[in-house]
Structures are given as structure tokens and as C-alpha cells.
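1. no sequence for this one, just the structure:
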């Protein structure tokens, strides 16, 4: 999504970043489309690889697999790497809109909730505003989102960075920032929620008292290339499932 | 949304229920529209009132404000009331797609997370399949959803009840039931999630270890009609906010 | 434990209560003794039954099985019952020192954690001070504790009610009230915890992110007298275990 | 505590470890004593420092400040360090009996719950049996516990390692291992808990649905030696408290 504040000649991403613009990206389509019935989950598109600084990339960053907190920690490491190597590149971040403090090195795919039980992990618009601000402060200028991002998350980035970008997104016409649309609610205690401080400091209940707050990922310690991970053309057979359960049993004993 | 399995003359809701059809409803629009930037939160439309059995209603049920579990408990009470009064009526349920085990008598509006921090409470498609089955078993034949329902939640109702309704919804063409689309995933432990038993028994982590699982609602013990709850035309003033905080302080001390 | 502020002739419990004294009880021995290796868990002593008001009991209250919150709610109902029947009796409360918001009608024995996994539910001294104050405000004058109470919990009751009782317990010589012993800690942020407000409002983390906050009790819906609950003299046989698992499986499907 | 299986001449710790004995230690006294009213919290005794391998220590290990999981990870690093330096030393572990997955580098003192709100973090006897086994497998032969350990935790170490040590502790006379004392309970579902598998796999509820599972430590990033951490002889003044709150406010904004 390329937001614009008026009529402009379309410019390339590097031109825009070089000119000091804050670019907002959105890679969260797949999950939203699946939920709306347009695409089928399973054969996921491979995610873009992170380029090495010495390779001369113009934009360096991370995409998908991890939440905003972990992603920004990673970009911070990249930034320090670039500085140590005296290289210059634009920074990019497109994290998940899911909280994944418990995922291992292989990201959210190994979490038991992936991909059809991630609901309790969905970020709020306030989580995303916080992320956008932290990304900006870190020097990231291509600030977007990947799996799990919905239009209102992208709008949250644009609203948080409106002072820096100089304009509010069109979508803000249908949205009072920081809950200000609640100003007219009939219940006074709901009206009192029409404040930045309220949403910023609220600790959200999961509404799931029988559930834990973290999961142990299905981490087998293997990654791309291993025979076990070669894609097969046929659906998993019963025999394969049996071997799989055997393996999991062994792992947890 | 009125799903159909072919060309049909449109019939009224009572005709359809009287004919023994399972009707799927959807009242979840407002929240989805707000998130997509189409409507502005604040002046919410009043929810439909539950009719009293002796009033001769043809359809009796609940809409909005509470989660599937609480809503079905309520419908069960209504059903027992109807039976005790030897009355006959169709049963209806349109709960929230949010888990609200902690809300008081006045529903989710009093939860501190309402309306912009409800994400961790969002039901999964599996939660909704469970709800649809329980509603059906209770005798409910108008089975739908209210705030928080997204298209994939409605599809989950239609899929769960496909054996009873005799057909799958069109949206199932883009969706393998019970995660079967994962059958071809490259990671064997993700392939192993393509099973009903997996999703049915999974206890979902919130990914929010710094958050609680329940909230205390802002219940002031007052309801519609009280002077305090009269809608005012102007936004809340600073003086009103101050009084509000004073009251909350008093309440919690 | 009968606290005393000097040399006194020992008086009976009714004499003391009639004289307006606040009596502190302690029934928490068994659990503490088991943990210290003095007694063996299993053949628990039967808990005292709650007397009916019309039976003319001089002291009415509850003991064991439920947490302070639930116990005081129950005593409140009893008090209202007594008032409605125009009867007078002293009120008594001896709850568990375990939080049991999730237990059913049969109390903590049916919680899956009973009796060797109750640690995360243990009340703090601050929880108990809160309980003591609420019990006092409700009119309870025999205020004690049952399973799970340790000496420092009993001291917490005595400290909270020192203004009403007119003296501090002896054990307070080894304890600064409301954490005041931290006043001299080397770390300033730990020193800052030497305040009532700090401990009163602290929301305690469980340190167990892979665990839920509530459990579903093993409630079979049967109670004392049922054939299933007759004590047998022999240890459970393998055949009985098998039947048990079968039953649990049936229940949860 | 020096366990013994009969009459023996008292031998030194190194003699015992050199002879291949498993020694069980207990440093958990202070917390237990404080709860029983014997000591006053505040001016804590400094914890023993970990010796460096090259210094020629005969026993290398960790004591206090962290939970069993973190402590054993640390001992594993120490063991690898010793092996890399081709040194030989006995390994020792005396962790807390509190779960502290969320504490920073400075340990449990910085957790907001320290020291009077640690109850929900207390380890069960089963947690400790697991720790004892893992410590043994890692090669640790001085296996003990520090703050938070109660007698039944120490007994749990001794019971878990009975096969390796060749005898059960005396305290096991008052305790059926793995809950076997429940074999005679009147409720069949409680009897069914008299099994190792039951307690080993149970995920314990906190009973505190309004509390989070992790806390953010009060980490100021300073440590021993800093002016801020110099112990002062007077209690914290109001002015100092004010400055402290200012600092905390700044930190969290």
C-alpha cells in the first residue's frame, strides 16, 4: 500500500527512501485473504531472505516469522553490523501482527497454534503504534507488516507516524485516533476510555483462563535441506503420521 | 448471509425455520467494518432486545454482549422457560466472537478491553465449530454471530453443520476442513496438524505472558435510565473526567 | 493458637466471643505438617460440618474446602439467613490459604492440583490481611484459616487486626509490617517496596507461562453416600483404574 | 543436612564427593525461617560467589538468585568451560525453589514480587524431583536448594535420587512417593492421582486469573559498587522515595 497525500508522480522505493520518506509496507495479505475465503492455507509462499550487508543491498531488514519486538531487536543487530562494517543501507521491518515471545529460532511456524489458532496472539492497533514508533526511533524507514496484519494495523502505523510523514492516512476519516470516537458513548466509564493513556497502559486479558500464555514450539532442530523437510507431492500417509507421533513421543519423554 | 445450495425462491425466516432448516445469521459486521476503515466506533447501534416468551414471539434468543458459552447457557434457560410455560418458539443465538468469561451482567462493554483491545479474546474457527454443534444440540436453529464475527467464523458454523444442512458453503472451496490444507506443508510437524483431533484439543497460548487471563469489568451497578447514563451531546469535559476518576478511585479503595 | 497480650485466666471460646474479642483460629496444620514430613497425606480427617442456624448453634461459619473470597461470600449468606430468621450467632471463617476461583461445589479436593500441586495457589500474607479485614467488616469475630495456612498467614491476620484487638502478636517482633524490613536493603528499588501501597496493589506473576490460570475440576456430580464413594480398605486395583479412566474419557468426550 | 543410611564416621564434603556420593544440600533456611517468625527480612546475608575454574576450586557451581532451569543451564556452561580448560571439579547446584523465567541478569531480587509475593512461583515437589534428575544427569553431585526450599523439597531430591544413593531418606516414612498415599482416598478420582504419570504431566493452574504469568524486573542496569547501591544506615526518606518514583516513571515512559 502506497499512501499518498495528493497527486504525485509514482517514484520507486529507493527514490522515496533516499528522499527521506517513511514508507509503509503491508505483507499481511495472505492471512487476511485466507480468513475471508480467497486463498487456501498450506502451500505457503517462501518468505524473502535477509541479504547480507557486504552483498551491497540497498535495503536491509526482516520480514515475517517473528513479532514486532523480536524483529526490531534483529534489525538493531543488523544496524550495528552495518555500522561496524561502515556500510550504509535503508532499514526495513515487516514483522508479524502476532505476539511470539515463545517461538524458537525457526519462528511462528513451529508454534503449535500455527496457522489456525493464532487469534489470542493478534496485536492490537496500540501494539502496532508502539512498534511503529520504536521502528522509527531505531532509524527504520520502511515500516510495514506481514502475516496477521489487517488494514487497521497498517492504518495504526500511518497514524502513529503522521507527525513525521506530515499527513494522516485517508482511512483516519473513519477513525478517531486513540479511541476518541468513544467520546460520545452513553456510559461514562466507556467515554473515559477515549484517551491515549488508557489504551497505552492497558494490560489486555485473554479471556481464556484455561489456557497458558506461552507454548513450547515443535522444534525438531532441523531446517531447510534436511531429508525430513523435502516437500512430498502426496498428502501425509497414515504410516508417516505414525512415525511422526513416535518421534514426538520420543522427544517429550 | 443466507447460504444457498442452488436456485431457490427466497423464503421468509419463519418459513425456513418452520420447514426445519438451519439458518445461519451474521451480525458481526460493525466490528469488521470498523477495522477495515468503513465505520467509526462510538455511537453504537442499540442491540435487539430479547422478547419475553409470553409475548408470543416466534423466535426467542440472544444477540451480542456475551460469548458463545454464556449465550448458550442463557438460551438453555429460555428453552426451559418456554417448556415450563408450554409455549413453542424457534430458538436463536448470535453471540460475540470474543471470550468473555469475566464480564458481569452488563456484558462486554464494561470489560476494560472494549472495544479496541479485544484481540486476545477473539474466538478461533474451532471455538465456533464447537459453539455451532452445541447450539444445534440444544435445539437452536437460527445460529449466527454478532460483534467480532468475521467471514471465516460464519463459514465455520456452516462447515460444522454441513451434515445437518446437507451442503457445504461455497467458501469451503477455499478451505480444507479441520486444517486439511496443511497436508502438503514441507515441515512434517506442521503436516501433522492437518487433523480434527489436533485443533479440537489444542490449548491456545496468548503470547502475552505479562497480561492476565481475566479482567474486572467497570461495573458501576447502574443501567439504562440512570441520570449518569443519559447521553450528552458534547464530548466529555475535563471536569467530568475528573469526577469519573474520583468515582473509580472510590470504587476500588 | 490463642494469642494473648499478657497473663490471663484461660477462658472458653464463647466467653471470649461474647466479650467482643476477635479470636484467631488455625486449622492449617495438616498441610504444613505433611510438607515437613510429620504426617502422611491420604486418609484426611473429615472436615467439620456447617451447623444450621435453626439448630441453635452459638457459632456459625465455614471451614476448609474454599478460598477466602468464596468462604466470606458464604458467611455473608449465612449472616443474611440468620438475620432473616431473627437469630443471633457468632460468625466464624476458616478458609483455605489457596486461591480456588475455579473449584465447583465440592471444593478444592476436586481440583486436579489437589493435594500435591497447589503451590501456585498459595495466598500471600497480603491476601490474608485483605481477607482478615473483610471478615472483620462483615462481622466475623472468629477469624482463622484451614489447609495451606502457615504461621506467617496467621500472623498476618493478627497484624491486620491489631488496631481492633489492641495488641500485635509476639511474632511481629521478627517482622516489619507491610515489608518495612526492606527499608535498609542495598538496592534502592527494593527499598521502595517497604510500603503498604506497594504490596497491596501488586499483581503477582506466577512464573509459569506454560500453565493456565484456572483448572476444570474433576466433578463427577456425585457426593457422599454414593456407592462410588464408599471407602475401600485396599489400594485401588489396576482394574479399578482402568474403569476410572474409561469414565473420565466418557466424561470429556 | 547430611543424610545417612546407618552409623558412619562423619567425613568432609570433598571426601564424600570424591567417593562418588551424591550430596544433598539445603540453603533454603532463611525464607522458611522468616515465614515461621524466626528472622527478619531486609539485611540479607550476601550469597556465596562462584569460583572461577582456573582458581583451582574443588567444587564449582551456583547458589541462589535463579530457578532450577536457569541454574542448571549455568552449571552446564561451567561444565563446558571446565572441559575446555581440561580441569576437573565437582559440580554443585543450589537454585531457588521459585520459578523465575522472567528475571534478568540480576536474579529474583529485581522481580517485583521479591521477597513477600513469591508464593505463586513456589516449586512443587515434582518440579524438584525433575530438577534433581536433570542435575544428576548433568553430572552434578552436590545437589541442593536455596531460598524457598522447604523440607519437603529436600526430601523430593532424596527420593528422586534414592536409586542412585541406595537409600530413601528417613522422611519418606511419612510420605508415599509420587502421591501413593492417595491410594486410599474416598473419592475414586482422587485415588486416580496416586500415580507418577499424573503428577509428572500435570500443568498447574495458578488460581489467579487476574494476574499475569511473568513480570518485568526492576532492572536499573546498575550493579554492586555504583553510588546508587551503597547501603545507607537510615531508612529511605520521603525525598529519596520521590526521586525513585521519578526515575521509575522516566524508565517506563
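-> Sure thing, it's come through. Bear in mind the structure is a predicted one, so any value in this text is a computation, not a measurement.

2. pretty sure residue A:207 sits in a helix.
-> No: secondary structure of residue A:207 (DSSP: H, G, I helix; E, B strand; the rest coil): coil, not part of a helix.

3. contacting residues around it?
-> By CB atoms under 8 Å, 6 or more residues apart in numbering or on different chains, the contact list for residue A:207 reads B:67, B:98, B:99, B:100, B:101, B:102, B:120, B:121, B:213, B:214. For the C-beta atoms, the positions are set from N, CA and C on the backbone; glycine is no exception.

4. mind doing that once more with 6 Å?
-> Contact analysis of residue A:207 by CB atoms under 6 Å, 6 or more residues apart in numbering or on different chains lists B:99, B:100, B:121.

5. next one: residue A:153
-> By CB under 6 Å, 6+ apart, the contact set of residue A:153 is A:97, A:128, A:145.

6. can you check residue A:193 too?
-> Residues counted as contacts of residue A:193 (CB under 6 Å, 6+ apart) are A:179, A:182.

7. so where does it fall, helix or strand?
-> Using DSSP states H and E, residue A:193 falls within no helix or strand.

8. got phi/psi on it?
-> phi -90, psi 0 (degrees, to the nearest 10).

9. for it, give its distance to residue A:126.
-> From residue A:193 over to residue A:126 the distance is 12 Å, taken as CB to CB, to the nearest Å.

10. quick one, strands of the stretch 51-200 of chain A?
-> For the stretch 51-200 of chain A, the strands defined by DSSP state E, counting those that start in this stretch cover A:59-63, A:90-94, A:142-143.

11. what lines up beside the second one in the sheet?
-> According to DSSP bridges, strand A:90-94 has the following sheet partners: strand A:59-63 (parallel), strand A:142-143 (parallel).

12. right, so those: which one is the most enclosed?
-> Mean neighbour count (mean count of other CB atoms under 10 Å in any protein chain shown) peaks for strand A:142-143 among these, with a mean of 24.

13. first vs last residue of stretch A:109-122, how far apart are they?
-> 15 Å (CA to CA, to the nearest Å).

14. what's the mean pLDDT across it?
-> What stretch A:109-122 shows for mean pLDDT is 95.

15. distance from it to the middle of the chain?
-> Centre-to-centre, stretch A:109-122 and its host chain are 13 Å apart (CA atoms, centre = their mean, to the nearest Å).

16. same question, stretch A:189-206
-> Distance of stretch A:189-206 from the chain centroid (CA atoms, centre = their mean) equals 23 Å.

17. got the buried residues for that stretch?
-> A:189-195, A:198-199, A:202, A:204-206 (16 or more other CB atoms under 10 Å in any protein chain shown).

18. how about those in a markdown table, adding pLDDT?
-> Output for those, formatted as a markdown table (pLDDT from 0 to 100):
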| residue | pLDDT |
| --- | --- |
| A:189 | 89 |
| A:190 | 91 |
| A:191 | 90 |
| A:192 | 91 |
| A:193 | 94 |
| A:194 | 93 |
| A:195 | 94 |
| A:198 | 96 |
| A:199 | 96 |
| A:202 | 95 |
| A:204 | 95 |
| A:205 | 96 |
| A:206 | 96 |
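
19. count the residues that sit near the closest residue to chain D within the stretch 1-150 of chain A.
-> Here the stretch 1-150 of chain A gets closest to chain D at one residue, residue A:101, 8.7 Å apart by CB to the nearest CB. By the measure other CB atoms under 10 Å in any protein chain shown, the count of residues near residue A:101 is 18.

20. before we move on, the earlier item: could you tell me the least trusted of the strands paired with strand A:90-94?
-> The stretch with the lowest mean pLDDT among the strands paired with strand A:90-94 is strand A:59-63, at a mean of 85.

21. contacts only, for residue A:113.
-> Contact analysis of residue A:113 by CB under 6 Å, 6+ apart lists residue B:204.

22. backbone dihedrals for it, please?
-> The phi and psi torsions at residue A:113 (degrees, to the nearest 10) take the values phi -80, psi -10.

23. identify, from the buried residues of stretch A:189-206, the entry nearest to residue A:162.
-> Closest to residue A:162 out of those is residue A:199 (16.6 Å), distances taken as CB to CB.

24. do you know how far the nearest residue to the closest one once chain neighbours are set aside is from residue C:179?
-> Using CB to CB, 6 or more residues apart in numbering or on different chains and skipping residues adjacent in sequence, the residue nearest residue A:199 is residue A:126, 4.7 Å away. The gap separating residue A:126 from residue C:179 is 33 Å, by CB to CB.
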